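>>> Just to be clear, the model below is a prediction. Sequence and coordinates:
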Amino acid sequence: MLTAKSLVWVLVFVLATLAMLVFVPRRDILKLLPFGTVGGFILAVLIQIAAVWYLRIWKFNFTEIAAWRGIPIFLAAAWMPLTILFGYWLLQIRSATGRFLYIAGFALATAALELGFVLTGYRTYLSFWNIFYTAGLAVLIHYVLGWYLLATRDTGEHKVIPIKE
């Protein structure tokens, strides 16, 4: 039976996309789109497949709209604009300490969002999984994403090496 509660996944996607459009300039969205697609959407899908189908450590409730075998597609898609936001703001921070604190804070904010899903009954933890594991996974993922983005960013400094003849 289709319930209004199943629209929450669409709402999360729309809000994440609106936040990205408001806070990230269009040219930077385009630059960060591959990062958001792979580090956000594709990674979210892989994690959900592992957690829901194989490990059975959580399940989603209210998946009547756009779900793939129990995984809400709009929730997985919401990680793309959120990852673009994460990357854009990370690249604005110049100090190592600031980056460290930002990554930890962003990861814990995403864990808080996940906890909200659990407390409101949209997601249920199964077996041994709990919010502390969710927070640890979020921190690990965001530090890896942050490391990758910072290691591969275009600094804008292109050195010209003279060719000796």
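Sure, I can see it. What you are looking at is a predicted structure, and each value in this text was computed from that prediction instead of being measured. Numbering: from 1, shown residues only.
>>> Every contact and neighbour count from this point should use C-alpha atoms.
Noted.
>>> Just list what the least confident helix or strand in the chain by mean pLDDT packs against, helices and strands only.
Within the chain, confidence by mean pLDDT, DSSP states H and E is lowest for strand 67-68 among all helices and strands, at a mean of 87. Strand 67-68 sits against no helix or strand, with contacts defined as 3 or more C-alpha pairs under 8 Å, 6 or more residues apart in numbering; DSSP states H and E.
>>> was I right about T3 contacting F62?
Yes. Between T3 and F62 there is a contact under C-alpha atoms under 8 Å: 7.3 Å.
>>> okay, F62: pLDDT?
Note for F62: predicted pLDDT of 87.
>>> pretty sure it is in a strand, no?
No. Under DSSP: H, G, I helix; E, B strand; the rest coil, F62 falls outside any strand and is assigned coil.
>>> Check the gap between it and I71 for me.
F62 sits 10 Å away from I71, going by C-alpha to C-alpha, to the nearest Å.
>>> Mind checking what helix or strand follows the least confident helix or strand of the chain in sequence?
Later in the chain than strand 67-68, the nearest helix or strand by DSSP states H and E is strand 71-72.
>>> Given that following strand, what are its sheet partners and their directions?
Strand 71-72 pairs in its sheet with strand 67-68 (antiparallel), by DSSP bridges.
>>> From the rest of the structure, what touches the partner strand?
Strand 67-68 has contacts (C-alpha atoms under 8 Å, 6 or more residues apart in numbering) with 73-74.
>>> Quick one: neighbours of V12, just the number.
The number of residues packed near V12 is 17, by other C-alpha atoms under 10 Å.
>>> Using the three-state scheme, assign it.
V12 carries the three-state label helix when classified by three-state DSSP.
>>> What is the burial count for A66?
By other C-alpha under 10 Å, the residues close to A66 number 16.
>>> residues touching the nearest residue to A111 once chain neighbours are set aside, list them.
Spatial nearest neighbour of A111, excluding adjacent residues (C-alpha to C-alpha, 6 or more residues apart in numbering): A135 at 5.1 Å. A135 is in contact with 107-108, 111, counting by C-alpha under 8 Å, 6+ apart.
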